[in-house]
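Student: here is my input; please provide its structure:
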Amino acid sequence: CNSACLFCTPHASSRLATEQHRLGMIDRMPEPAWTEDAAAMEKFLEALQDSPRLAYLHFIGDETLISPAFARIVDALIPRGLAAQVTLGFTTNLTVWPSEVISKLSQFQQVNLGVSVECLHPLNDYLRWPSRIDAVRDMLDRWHQHAVNQAWLMQIRITPTVFSIWHLDSIYEYAMQRGIAVESCNFLYEPSHMRMSVLPQDLRRRARERLETWLAQYPSTAAQVINTRDPNQATSQILQDAASYVRYLDTAEDESHRAGDLVRYLKAMQSSRGNNILDYLPEYEEFLRSAGL
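Tutor: Residues are numbered from 1 along each chain as shown. Okay, here's the model as predicted:
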C-alpha cells in the first residue's frame with residue numbers, strides 16, 4: 001500500500017509496516033501476501049479462467065490499483081471473454097489514477113467502486129498520511145464523474161475513529177449532495193486506542209451534537225435500508241449511517257482509560273512524520289494534553 005493510515009495495522013499496509021518496523025514498534029515485517037507467490041497466483045488465475053459461471057470478484061486490502069496482482073487478474077479475464085459477465089469490486093484510496101488499468105475496467109459488466117476517505121478536512125491528511133486533502137478532493141470528484149459516465153456503482157468507504165468522528169459530517173454532506181452511499185468499510189476494533197469510545201464524555205457529547213445538527217437539516221426516514229448497494233436508496237442510507245454513529249456515541253462503552261495508549265502512539269508516529277494532531281484538531285487539546293501529549 002502507498003498509504004500509511006494512522007488507524008491501520010502493519011499487516012494491512014506495507015508502508016505502515018516499514019515505518020513501524022524502523023521505529024521499533026513491531027519486531028518483524030509481516031509475511032508477504034499470497035499474491036506475491038508466483039505459483040499461488042498462477043493457480044488462482046487458472047481457477048478463474050476455468051470458472052464459466054464467475055459473476056462477481058471483489059478485491060480488498062492494499063491500494064488495489066497499484067497492485068500487480070490486480071492488473072494480472074484483469075488481464076487474465078479479458079481475453080477469455082469473462083469480463084463481459086463479471087462485476088468487479090474494489091476500493092481505492094484516492095491517491096492514484098492509473099489510466100491504463102482504469103480504461104480496461106470499462107470492459108467488465110459492472111464495477112462496484114469504493115473510495116476511501118475519512119473526512120473532507122485537512123485532518124484527513126493526518127489520518128491517511130501522506131495524502132493531501134486538496135489532491136484527495138480533486139481525485140474524489142474525478143472518480144465520481146467517471147463513475148457517473150460509466151454507470152458504475154460508487155460508495156464512499158469510511159473507518160470512523162476517535163479523531164475523524166469530529167468531521168464526519170463533511171463526508172455525509174458531500175455524499176448527500178451527489179447521491180453517493182456512505183458505508184463503514186471497517187468498524188474499528190484495532191488499534192483499540194483509536195476507537196471512538198476513547199473520547200472523554202464531554203468531547204463525545206459534542207461530537208454527537210455535531211452529527212445531530214447535520215442530521216436535522218434532512219427529513220428522517222423510518223424505513224431501514226437493507227440493500228446498502230441500491231443507488232435509489234442512497235439518501236436514506238446516508239442518513240441511516242450517520243444516525244448509527246449518533247447512537248454509538250450515546251451508548252458505547254467508555255474507553256477513555258485508553259487515552260494514555262493513544263498519546264504514546266501519536267508521539268511515536270509524529271516523531272517519524274513531523275506532524276502534530278493539535279494542528280488539525282485544536283478542539284482536542286485539553287483531552288490530549290491531560291493524557292500526556
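
Student: residue 193 looks like it's in a helix, true?
Tutor: Yes. Counting by DSSP: H, G, I helix; E, B strand; the rest coil, one finds residue 193 located in a helix.

Student: residue boundaries of the strands in the chain?
Tutor: 56-58, 87-92, 110-116, 153-158, 181-184 (DSSP state E).

Student: can I get these in a markdown table including mean pLDDT?
Tutor: Supplementary listing: those in a markdown table, determined by pLDDT from 0 to 100:
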| stretch | mean pLDDT |
| --- | --- |
| strand 56-58 | 95 |
| strand 87-92 | 95 |
| strand 110-116 | 96 |
| strand 153-158 | 96 |
| strand 181-184 | 89 |
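
Student: looking at those, which is nearest to residue 80?
Tutor: strand 56-58 (13.1 Å; Cβ to Cβ). Just so you know, the C-beta spots here come from the backbone N, C-alpha and C atoms, and that holds for glycine as well.

Student: what's the most buried one of the strands of the chain?
Tutor: strand 153-158 (a mean of 22; mean count of other Cβ atoms under 10 Å).

Student: pull the residues that contact that one.
Tutor: Residues outside strand 153-158 that contact it (Cβ atoms under 8 Å, 6 or more residues apart in numbering) are 91, 110-118, 143-144, 147, 164, 168, 171, 174-175, 180-185, 228-229, 231.

Student: again, only using 7 Å
Tutor: Here strand 153-158 makes contact (Cβ atoms under 7 Å, 6 or more residues apart in numbering) with 91, 110, 112-118, 144, 147, 171, 175, 180-185, 229, 231.

Student: can I get stretch 164-183 as PDB, trimmed to CA atoms?
Tutor: C-alpha atoms of stretch 164-183 as PDB (Å, rounded to 0.1, in the frame of the first residue of the first chain):
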ATOM      1  CA  SER A 164     -12.400  11.500  12.300                       C
ATOM      2  CA  ILE A 165     -15.800  11.400  14.100                       C
ATOM      3  CA  TRP A 166     -15.300  15.200  14.700                       C
ATOM      4  CA  HIS A 167     -15.500  16.000  11.000                       C
ATOM      5  CA  LEU A 168     -17.600  13.000   9.700                       C
ATOM      6  CA  ASP A 169     -20.400  15.400   8.700                       C
ATOM      7  CA  SER A 170     -18.200  16.700   5.900                       C
ATOM      8  CA  ILE A 171     -18.400  13.200   4.200                       C
ATOM      9  CA  TYR A 172     -22.100  12.900   4.700                       C
ATOM     10  CA  GLU A 173     -22.800  16.300   3.200                       C
ATOM     11  CA  TYR A 174     -20.600  15.600   0.100                       C
ATOM     12  CA  ALA A 175     -22.400  12.300  -0.400                       C
ATOM     13  CA  MET A 176     -25.800  13.800   0.200                       C
ATOM     14  CA  GLN A 177     -25.300  16.400  -2.500                       C
ATOM     15  CA  ARG A 178     -24.300  13.800  -5.000                       C
ATOM     16  CA  GLY A 179     -26.400  10.800  -4.000                       C
ATOM     17  CA  ILE A 180     -23.500   8.600  -3.100                       C
ATOM     18  CA  ALA A 181     -24.000   6.000  -0.400                       C
ATOM     19  CA  VAL A 182     -21.600   6.000   2.600                       C
ATOM     20  CA  GLU A 183     -20.600   2.800   4.300                       C
END
